[in-house]
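Participant: fold the following and give me the result.
(2 chains)
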Number of protein chains: 2
Amino acid sequence: MNRRKLLITGAAGKVGTAIRDHLRDRYRFRLLFHSSVPEVQPEDEIVLSDLADFECMVEAGAGVDAIIHLGIANGRRGYPRARYAQMIMETNIRGTYNIFESARINGVPRVIFASTNHVTGFYEKEGQISRPDAPVRPDSMYGVSKAYGEALGRYYHDAFGMSVYCIRIANFPNTETPNQEYSPGMNRWLSSRDMAELTACCLEAPHPRFGIFYAASLGSELKFDMDNARDIVGWQPQDRGAPSP
Amino acid sequence: MNRRKLLITGAAGKVGTAIRDHLRDRYRFRLLFHSSVPEVQPEDEIVLSDLADFECMVEAGAGVDAIIHLGIANGRRGYPRARYAQMIMETNIRGTYNIFESARINGVPRVIFASTNHVTGFYEKEGQISRPDAPVRPDSMYGVSKAYGEALGRYYHDAFGMSVYCIRIANFPNTETPNQEYSPGMNRWLSSRDMAELTACCLEAPHPRFGIFYAASLGSELKFDMDNARDIVGWQPQDRGAPSP
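Facilitator: Numbering: from 1, shown residues only, chains lettered A, B, ... in the order given. Modelled structure (predicted):
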């Protein structure tokens, strides 16, 4: 068995589940869960820990070939603003630092970081196409925390030669059919397959490189500029969320 | 007395001292110190607190017209990497969040944030001119923490209409004469007067605006693109660090 081993954080989430389902034949998994362990396969390694625990994250990254960092603080709904900001600080900020440090300490050459279109959400609010090389304009503390993770990833790439890909995941609703009512070019829907194949492209691309990619399926052309993912890691979406403009 | 009141964090530092000296006649000060109080004037208000203390930062921002946020974690020298990262997390990241939240809660319409050329340090390492609208390329955890502060500032500007200016302070050595050995356009020296006048321009500019400015004196043209400060707040350096190219 020569399949490479991936540490996947946030492995219980929607994206983590989709990646496990789609890429199981190609990679071996070490899965990080936060509170409880969902159904896994017998060959999967599991780690149960908080991302904010530095020592455990160093241990979790030992001996893997790449890290797919999907873990985030729980969603906003219901939390007071101050409490949510604390959760963001611990999980998205401290936790992401812990993951990159774990990669550095363990000599893991590649990190794929789940970012979000909310890093540039204010362009979208103003009807502009979001572009990967534009200055950030986060629309939330969540978006700010992901801007931090991207800056951190750029630093680890430049300073330590790590291959770092930041994927600005758009609307990943875990439904296999998009809402068809969107106007041409205006959907944000991302299929499980497109997300998993982009991840695979990032895992297979020659390194070290750095990239920030928007991830959405076809029909998002007026929302996101996605050409650079094709140029840097050879990915293009295959599924369709809306007609093209 | 109609002079506006400024909260200055990191008021004991080199930049804070220069701003107090140069702008004393134009503004009233509330000065935040971390551990001990240096010589101040009888009319100055003082606050002694840690930036990481949310409740105290909300109190410190009450009733001021603007915040000049200069406070940072102590310098790198001598600290183990992990300890320094913790200090950065508490002071530069949590502390900067506390300051912006304090401004929001207290209705303070303007925040000036001391950032650094290290946010884009890898362009400089590669011999490129650093530009305010280029994607960040931090050269250190310090630079990453300042990229976070800028992203946060952008969010507070876009979401809450706050006027936010991020000043990427170059080499502020607190000497009134630059090292004259630099080649044309290649110095990073920033005079006290130029720093203080840029701060004043940010305080006087019509708001709400957002800007990221490099701050260096004349003779830094091959290091930093500073034209946008002239366009946005009407500032140009007056002192000279090196010949122009």
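
Participant: pLDDT on stretch A:197-204, on average?
Facilitator: Regarding stretch A:197-204, the rounded mean pLDDT is 98.

Participant: residue A:3 - that's part of a helix, no?
Facilitator: No: according to DSSP: H, G, I helix; E, B strand; the rest coil, residue A:3 belongs to no helix; its state is coil.

Participant: what number of residues lie near it?
Facilitator: Close neighbours of residue A:3, defined as other Cβ atoms under 10 Å in any protein chain shown, add up to 13. (Glycine included, C-beta is placed from N, CA and C.)

Participant: near chain B, anything from the lowest-mean-pLDDT helix or strand in chain A?
Facilitator: Lowest on mean pLDDT, DSSP states H and E among the helices and strands of chain A sits helix A:81-87, with a mean of 94. Yes: using Cβ under 8 Å from any Cβ of the partner chain, we find that helix A:81-87 touches chain B at A:82, A:85.

Participant: after that helix, which helix or strand is next? Please name it.
Facilitator: helix A:95-106 (DSSP states H and E).

Participant: list the contacts of that following helix.
Facilitator: The list of residues contacting helix A:95-106 from outside it, by Cβ atoms under 8 Å, 6 or more residues apart in numbering or on different chains, reads A:9, A:50-54, A:57-58, A:60-64, A:67, A:69, A:71, A:108, A:111, A:113, A:145, A:148-149, A:152-153, A:156, A:160, A:162, B:82, B:85, B:89.

Participant: can you show me the CA trace of it as CSV?
Facilitator: In CSV, the C-alpha atoms belonging to helix A:95-106 read as follows (Å, rounded to 0.1, in the frame of the first residue of the first chain):
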residue,chain,number,x,y,z
GLY,A,95,-6.2,26.2,15.9
THR,A,96,-5.0,27.1,12.4
TYR,A,97,-1.7,28.3,13.8
ASN,A,98,-1.4,25.0,15.6
ILE,A,99,-2.0,23.1,12.4
PHE,A,100,0.6,25.0,10.4
GLU,A,101,3.1,24.7,13.3
SER,A,102,2.4,21.0,13.4
ALA,A,103,3.1,20.7,9.7
ARG,A,104,6.4,22.6,10.1
ILE,A,105,7.5,20.6,13.2
ASN,A,106,6.6,17.3,11.6
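
Participant: between the two ends of stretch A:234-245, how far is it?
Facilitator: End-to-end distance of stretch A:234-245: 23 Å, with Cα to Cα, to the nearest Å as the criterion.

Participant: buried sites along it?
Facilitator: Buried residues in stretch A:234-245, counted by 16 or more other Cβ atoms under 10 Å in any protein chain shown: A:235, A:237, A:239, A:240, A:241, A:242.

Participant: return the residues of chain A in contact with chain B.
Facilitator: A:54, A:82, A:85, A:89, A:93-94, A:97, A:101, A:119, A:122, A:133, A:135-141, A:143-144, A:147-148, A:151-152, A:154-155, A:158-159, A:212.

Participant: sorry, back to before: in helices only, show me the contacts of helix A:95-106.
Facilitator: If you go by DSSP state H, the contacts of helix A:95-106 have A:54, A:57-58, A:60, A:145, A:148-149, A:152-153, A:156, A:160, B:82, B:85 in helices.

Participant: returning to what we had before: kindly export the least confident helix or strand of chain A (C-alpha atoms) in PDB.
Facilitator: The C-alpha trace of helix A:81-87 is given here as PDB (Å, rounded to 0.1, in the frame of the first residue of the first chain):
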ATOM      1  CA  ARG A  81     -21.300  38.100  19.400                       C
ATOM      2  CA  ALA A  82     -18.600  38.100  22.100                       C
ATOM      3  CA  ARG A  83     -18.900  34.300  22.700                       C
ATOM      4  CA  TYR A  84     -18.700  33.600  19.000                       C
ATOM      5  CA  ALA A  85     -15.600  35.800  18.700                       C
ATOM      6  CA  GLN A  86     -14.000  33.800  21.400                       C
ATOM      7  CA  MET A  87     -14.800  30.500  19.600                       C
END
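
Participant: can you list contacts of that helix?
Facilitator: A:73, A:74, A:76, A:79, A:141, B:54, B:97, B:101.

Participant: I'd assumed the second one was in a strand, is it?
Facilitator: No: the assignment for residue A:74 is coil, going by three-state DSSP, so no strand is present there.

Participant: and the residues of chain A next to chain B, which of them are buried?
Facilitator: With neighbours counted by 16+ other Cβ under 10 Å, those contain buried members at A:54, A:85, A:89, A:93-94, A:97, A:101, A:119, A:122, A:135-141, A:143-144, A:147-148, A:151-152, A:154-155, A:158-159, A:212.

Participant: what about the least confident helix or strand of chain A, distance to the chain center?
Facilitator: Relative to its parent chain, helix A:81-87 has a centroid offset of 21 Å by Cα atoms, centre = their mean, to the nearest Å.

Participant: can you pull the buried residues of it?
Facilitator: Neighbour-count burial for helix A:81-87 [16+ other Cβ under 10 Å]: A:84, A:85, A:86, A:87.

Participant: now those residues in JSON lines, with distance to residue B:218?
Facilitator: As requested, the buried residues of helix A:81-87 are arranged in JSON lines below (distance: Cβ to Cβ, whole Å):
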{"residue": "A:84", "distance to residue B:218": "46"}
{"residue": "A:85", "distance to residue B:218": "41"}
{"residue": "A:86", "distance to residue B:218": "45"}
{"residue": "A:87", "distance to residue B:218": "46"}
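
Participant: which of those sits closest to chain B?
Facilitator: residue A:85 (6.6 Å; Cβ to the nearest Cβ).

Participant: from residue A:152, how far off is that closest one?
Facilitator: Residue A:85 is 18 Å from residue A:152, where distance means Cβ to Cβ, to the nearest Å.

Participant: so the residue most central in space within chain A bridges to which residues?
Facilitator: Closest residue to the average C-alpha location of chain A: residue A:114 at 1.5 Å, with Cα atoms, centre = their mean. Taking DSSP bridges, one obtains residue A:167 as the residues bridged to residue A:114.

Participant: contacting residues for it?
Facilitator: A:10, A:15, A:68, A:69, A:70, A:72, A:167, A:169.

Participant: any chance of a markdown table for these, columns neighbour count?
Facilitator: Compiled in a markdown table, the contacts of residue A:114 are given as follows (neighbours: other Cβ atoms under 10 Å in any protein chain shown):
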| residue | neighbour count |
| --- | --- |
| A:10 | 23 |
| A:15 | 24 |
| A:68 | 30 |
| A:69 | 26 |
| A:70 | 23 |
| A:72 | 23 |
| A:167 | 25 |
| A:169 | 23 |
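
Participant: returning to what we had before: out of the contacts of helix A:81-87, who's nearest residue B:126?
Facilitator: Set against residue B:126, the nearest of those by Cβ to Cβ is residue B:97 (31.2 Å).
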